[in-house]
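S.K.: sharing a model prediction with you, sequence too.
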Amino acid sequence: EVQLVESGGGLVQPGGSLRLSCAASGFTFGSYDMTWVRQAPGKGPEWVSAINSGGGSLYYADSVKGRFTISRDNAKNTLYLQMNGLKPEDTAVYYCKVRFNGVDYWGKGTLVTVSS
């Protein structure tokens, strides 16, 4: 069974940093591209960042480029999102996602709140 468990969210002041983690199980993590998606209160899902299976190709939404860094540790079956220079508009629930056998699997998410 595919399982994705996000952690690392919390309340942070504008300009602060957080590091999100996504622990994966139930599939061969190192063989799959991974994605971070966020959903702000009252809004639809927004694609944030993606990384290929080997970690050599990284992709970012314009809204986070230069501030967020995606990475993965295939030995630990874990995906990361380092978030620096956080802004109030980054407030959202952050989800990791994988497409496995043609089906998108999501974790339950971790809430990031950026506020003074």
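M.R.: Here it is on my side, so go on. Numbers count the residues shown, from 1 in each chain.
S.K.: the nearest residue to M34 once chain neighbours are set aside: neighbour count?
M.R.: Taking CB to CB, 6 or more residues apart in numbering as the measure, M34 lies nearest to L79, with 4.8 Å between them; neighbours along the chain are not counted. (Glycine included, C-beta is placed from N, CA and C.) As a burial measure, L79 scores 28 neighbours (other CB atoms under 10 Å).
S.K.: R19 now?
M.R.: Using other CB under 10 Å: R19 sits among 13 other residues.
S.K.: Q13 now?
M.R.: Around Q13 sit 10 other residues, with neighbours defined as other CB under 10 Å.
S.K.: same question, the one 4 residues further on
M.R.: Residues within reach of S17, counting by other CB under 10 Å, total 11.
S.K.: quick one: low-confidence ranges for this structure?
M.R.: For the chain, no stretch is flagged by pLDDT under 70.
S.K.: quick check, central residue of it?
M.R.: In the chain, the C-alpha nearest the mean C-alpha coordinate belongs to W36, at 3.3 Å (CA atoms, centre = their mean).
S.K.: now do the strands in this structure.
M.R.: Chain-ordered strands for the chain, with DSSP state E as the definition, fall at 3-7, 10-12, 18-25, 34-39, 45-51, 58-60, 68-73, 78-83, 92-100, 103-106, 110-114.
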